[in-house]
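**Q** Quick one, fold the following:
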Amino acid sequence: MTNRRMIFVYVVVLLFFSSAPLFAQAPYAVEPFDGAITNAGWYTDHFGALQWPTDGLGNQAVRLEACASPSATSHCTTSTSSYAQESGVATNHNVHAGYVCGSGTNPSSTCAANGNGVGKQEETWYRFHVRLAPGFQATPGTQNAIFEIHVDQRTEADAADHGGGWAYSTMVDIQADGTSCSGKPAYCTTPGTNPRLFLQVPGGPTSNPQSAKRFFPFPKNSLLVDHWYDMVLHMVWSPTVGYVQWWVDGQKMVDVATPTEYVRSDGTWSYGASLGLYNYRHWAPWASSVDGEQFIWGPTASSINFNPGNPPSVTPSAPTSLSGTDNVSASTKINWAASFANGVSGYNVYRTTTSGRGYANVGTTSALSFTDHTVKVGTTYYYVVTAVANGVESPNSSEIQVFVAQ
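**A** Take a look at the predicted model:
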């Protein structure tokens, strides 16, 4: 009896002085993609056998290949998307993207989301590794998705019926410059230029789905090929108190309050019906591959083996809808739409005479417009605007061109 008491006291003292929790909170799901898909509920949108290249560290990864199509009317394969070429691995089991388990038709014991359910507020952490395989080239525009949490079908139909547009999904994508690809479905003849990652986060009323889609881009021409990105996405799913944080290779790129679910016309909320890794792009005459591995998601940062570090400072989104007019006087006025972030204290206006580089600050304002009195007649200028919130500056807005006439 004495030995049992001593053992009990020793365990209690050990737990009291230990700095680590006795049990870490478990993740919702772990899929390593190490040579096979090991979890039930995953499905492929891929044509032909999946490939399993090495990751350089002794493991295998799943490869999602987009094949080369010889022409706009002769595609190298079929696709379940009528809009673009799609290859992916995805699941609708235990996605934890705001779905009320069992709501809608055909309730599932695995909380497999269906198209008719309803959403709720929920907090989830997602983590995955993704590589753009050697030789990867993006198509022009924003149709180069590599990760997606897909919005439910009921919300898509509601947006079409009441807003006249699409309901969008939460995505990590690649944006590239270049001439818009023509045709239905679109076919690109040349790769895009200046590729960069961006995060797309939709939410708000389905009556205006286009305005409720927000972009958080990397700088132009910053995309890394043959590099394993470590991505962490922290989502508070809600149309009213939504919040998003995005880390890439340990660096926090986004930290912003924003709606993350739609409000349907009947007052119910949307949800993420599935999640997956993708190689989704326009049809093109070149092949490109995306590799993925180490997919994990859970209720806390520790459940996905991630330490977010110090309390974050908010990174505001870039201002949008930049506009200006050609002038015949020695001044020009620039206008923009507000950054969607709390605590925005002002906007920085930058100018250059060479598109895409060499920007210099020409003013700061708390308004949504700025008049530049330092221009010279007969000169073409290029402007971008950034937002500042809590001492943190947003990425650049899209660039506009203004000509000051003689």
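**Q** Quick check: bridge partners of the residue most central in space within the chain?
**A** With distances taken as CA atoms, centre = their mean, the residue of the chain nearest its centroid is Leu199 (2.5 Å). Note on Leu199: beta-bridge partners by DSSP bridges are Val172, Phe216.
**Q** Gly203 is in contact with Arg264, isn't it?
**A** No - in this structure Gly203 lies outside contact range of Arg264 using CB atoms under 8 Å: 11.9 Å. In short, each C-beta sits where N, CA and C put it, glycine included.
**Q** Are there residues contacting both of the two? Which ones?
**A** In terms of CB atoms under 8 Å, 6 or more residues apart in numbering, Gly203 and Arg264 are both contacted by the residues Ser270.
**Q** list the contacts for the residue nearest to the centre of the chain?
**A** By CB under 8 Å, 6+ apart, the contact list for Leu199 reads 171-173, 215-217, 233, 244, 246, 253-254.
**Q** Switch those residues over to JSON lines; also include pLDDT, distance to Glu148 and neighbour count.
**A** Shown next, in JSON lines, are these (pLDDT from 0 to 100; distance: CB to CB, whole Å; neighbours: other CB atoms under 10 Å):
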{"residue": "Met171", "pLDDT": "97", "distance to Glu148": "5", "neighbour count": "22"}
{"residue": "Val172", "pLDDT": "98", "distance to Glu148": "8", "neighbour count": "25"}
{"residue": "Asp173", "pLDDT": "97", "distance to Glu148": "8", "neighbour count": "23"}
{"residue": "Phe215", "pLDDT": "91", "distance to Glu148": "15", "neighbour count": "17"}
{"residue": "Phe216", "pLDDT": "93", "distance to Glu148": "15", "neighbour count": "23"}
{"residue": "Pro217", "pLDDT": "93", "distance to Glu148": "17", "neighbour count": "22"}
{"residue": "Leu233", "pLDDT": "97", "distance to Glu148": "11", "neighbour count": "24"}
{"residue": "Val244", "pLDDT": "96", "distance to Glu148": "15", "neighbour count": "23"}
{"residue": "Trp246", "pLDDT": "96", "distance to Glu148": "14", "neighbour count": "23"}
{"residue": "Met253", "pLDDT": "91", "distance to Glu148": "18", "neighbour count": "18"}
{"residue": "Val254", "pLDDT": "93", "distance to Glu148": "16", "neighbour count": "24"}
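**Q** related to what we said a few turns ago, distance check, the residue nearest to the centre of the chain against Gly41.
**A** 25 Å (CB to CB, to the nearest Å).
**Q** where are the low-confidence patches of the stretch 101-250 of the chain?
**A** The stretch 101-250 of the chain contains residues with pLDDT under 70 at 210-211.
**Q** what about the residue nearest to Val375 when sequence neighbours are not counted, neighbour count?
**A** Nearest residue to Val375 in three dimensions, chain neighbours excluded: Val404, at 4.8 Å (CB to CB, 6 or more residues apart in numbering). Burial measure for Val404: 19 neighbouring residues, criterion other CB atoms under 10 Å.
**Q** Val404 is in contact with Thr332, isn't it?
**A** Yes - assessed by CB under 8 Å, Val404 is found in contact with Thr332 at 6.0 Å.
**Q** Next SSE downstream of the host helix or strand of Trp247?
**A** With elements taken from DSSP states H and E, the one containing Trp247 is strand 243-248. Proceeding N to C from strand 243-248, the next assigned helix or strand is strand 251-257, under DSSP H and E.
**Q** List the residues that contact Lys376.
**A** Lys376 touches 330, 404, counting by CB under 8 Å, 6+ apart.
**Q** Please disregard the earlier target; I meant Ser398.
**A** By CB under 8 Å, 6+ apart, the residues touching Ser398 are 318, 320, 322, 384.
**Q** Output those as a markdown table; include the columns distance to Glu156.
**A** As requested, these are exported to a markdown table (distance: CB to CB, whole Å):
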| residue | distance to Glu156 |
| --- | --- |
| Ala318 | 27 |
| Thr320 | 24 |
| Leu322 | 30 |
| Val384 | 34 |
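**Q** what's the closest non-adjacent residue to Tyr83?
**A** In space, and not counting its chain neighbours, Tyr83 is closest to Pro185: 5.6 Å by CB to CB, 6+ apart.
**Q** pretty sure the one you found contacts Trp283?
**A** Yes - Pro185 lies in contact with Trp283 (CB under 8 Å); the separation is 6.0 Å.
**Q** who's more crowded, those two?
**A** Using other CB under 10 Å as the criterion, Pro185 and Trp283 rank with Trp283 on top: 26 against 15.
**Q** before we move on, the earlier item: would you agree the residue nearest to Tyr83 falls within a strand?
**A** No - counting by DSSP: H, G, I helix; E, B strand; the rest coil, Pro185 is not part of a strand but coil.
**Q** okay, the strand holding Trp247 in PDB with CA atoms only?
**A** Extracted in PDB, the C-alpha atoms of strand 243-248 (Å, rounded to 0.1, in the frame of the first residue of the first chain):
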ATOM      1  CA  TYR A 243     -10.900  35.000 -39.500                       C
ATOM      2  CA  VAL A 244      -8.100  33.800 -41.700                       C
ATOM      3  CA  GLN A 245      -4.400  33.200 -41.100                       C
ATOM      4  CA  TRP A 246      -2.000  31.800 -43.700                       C
ATOM      5  CA  TRP A 247       1.600  30.800 -43.100                       C
ATOM      6  CA  VAL A 248       3.900  29.700 -45.900                       C
END
